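Engineer: Provided below for reference: sequence and predicted model.
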Amino acid sequence: MSHQEQLLPHDRVLRYEFNERMNHWVAAGSFIYLMLTGLAFWSPWLFWIASALGGAELSRMLHPWIGLVFFVAVCYMFALWSRQMNFDSVDAQWWKSLHYYIQNQDDKMPPAGRYNAGQKLLFWSFFGGAILLLASGVVLWFTESLPWSLRWMRYISVVVHAGTALLLIGNFMIHIYMGVFAERGAFGSVIRGDVSLAFAKRYHPGWYKEIVANSNRPK
Ligand code: HEM
């Protein structure tokens, strides 16, 4: 049994270890800071956010450094979770049954494993997005050092940086809705680390089967 399938008393199971939770909150905290300051730089209507966060200079100075923190956290997330995020045949069926998922008819869904196809897509989009944000962000950070012949890189970076950020903000909203409001019990897993077996059975039946198979519990 791997550490992640560790059964706990009172019919609970460990979903995230301490380092996984800490890293998740470093990624979340840094993302929220980047989103707020980034939106302030993006539109004059939102510039008040930078003032509320300590002023324009501080926000402009910290934004790229916090960007590096976010990137490192996402890389560590990749090291921790990427092996569990590979798409498989259940995921293909999962997409086809998405309408049942939206209608909360979980019993009609194919048995998702530890992560469902939507969570896997979110993971990969955050990972790909973090790479694009870093690449375009570095160009914008050191834009004055770029030779004039490479000025096209600035133009591309402005579009890539803002476009990717807006997509990730959309992802982030969906992620919060799913994790906090739609799947009751999920939020506790990134705070305390554990979920109930009933949660595992309802939202991740494939994972639940593994947990039961690896334990002495009656099936
Ligand atoms: C306030 C902000 C956030 C909240 C409330 C939140 C909530 C959650 C919850 C409840 C889970 C557990 C879901 C489960 O295991 O079934 C989770 C997992 C996860 N979080 Fe977050 N999260 C936040 C920010 C972020 C950010 C910024 C990222 C971007 C790197 C992120 C990436 C992930 C990933 C990749 C997972 C595992 C796959 C998944 O469950 O979607 N989270 N989060």
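Structural biologist: Arrived safely. Because the structure is predicted, anything quoted here is derived from the model rather than measured.
Engineer: Now do the helices in the protein.
Structural biologist: Secondary structure of the chain (DSSP state H): helices at 18-42, 48-52, 56-81, 89-96, 98-102, 117-141, 152-176, 186-191, 197-203, 205-213.
Engineer: Pull up the residues of this protein that are close to the ligand.
Structural biologist: Within the chain, the positions lying close to the ligand (CB under 6 Å from any ligand atom) are 15, 24, 27-28, 31, 74, 77, 115, 119, 122-123, 126, 172, 175-176, 179-180, 186-187, 189-190. Heads up, the C-betas are built off the backbone N, CA and C, glycines and all.
Engineer: got the helices of the chain as a markdown table, with mean pLDDT and mean neighbour count columns?
Structural biologist: Putting those into a markdown table (pLDDT from 0 to 100; neighbours: other CB atoms under 10 Å) gives the following:
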| stretch | mean pLDDT | mean neighbour count |
| --- | --- | --- |
| helix 18-42 | 98 | 17 |
| helix 48-52 | 97 | 14 |
| helix 56-81 | 98 | 16 |
| helix 89-96 | 94 | 14 |
| helix 98-102 | 91 | 13 |
| helix 117-141 | 98 | 18 |
| helix 152-176 | 97 | 15 |
| helix 186-191 | 96 | 16 |
| helix 197-203 | 94 | 18 |
| helix 205-213 | 91 | 18 |
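Engineer: quick one: contacts for Arg184?
Structural biologist: Counting by CB atoms under 8 Å, 6 or more residues apart in numbering, Arg184 makes contact with Phe199.
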